[in-house]
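Trainee: Would you be able to build a 3D model of this:
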Amino acid sequence: MAACNILQQAKSNLSTLAGRHINIHVAGVDTFHDRVLFAHVARSPALVEYAGAIRTALDKFITDSYDFQPHVTIL
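Mentor: Below is the predicted model of the structure:
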């Protein structure tokens, strides 16, 4: 199944979760391998739930097994 079809199927579930007003608290910056600047985001139950729903929806396309690390990529 194409990625566009999977995203379309997941759209209503993700929209419902996103409508819960997920608050994001940014706290400090760091880098990935001194190449990409990112800001740390405090973990919250709503954010973890939303990330889990995205991972489930895109499970066929996600090949890594990293734990969810909330962050905002800056550059």
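Trainee: Which residue ranges of the chain form helices?
Mentor: 3-18, 45-57 (DSSP state H).
Trainee: how close does the residue nearest in space to the middle of the chain get to residue 35?
Mentor: Taking C-alpha atoms, centre = their mean, the centroid of the chain lies closest to residue 51, which sits 4.4 Å from it. To residue 35, residue 51 is 23 Å away according to C-beta to C-beta, to the nearest Å. Every residue, glycine included, has its C-beta placed from N, CA and C.
Trainee: what's the answer for residue 43, then?
Mentor: 24 Å.
Trainee: now do residue 8
Mentor: Distance from residue 8 to residue 35, by C-beta to C-beta: 33 Å.
Trainee: who has more neighbours, those two?
Mentor: More neighbours surround residue 8 than the other of residue 8 and residue 35, with 10 against 7 (other C-beta atoms under 10 Å).
Trainee: And the more buried one, how far from residue 58?
Mentor: According to C-beta to C-beta, residue 8 and residue 58 sit 12 Å apart.
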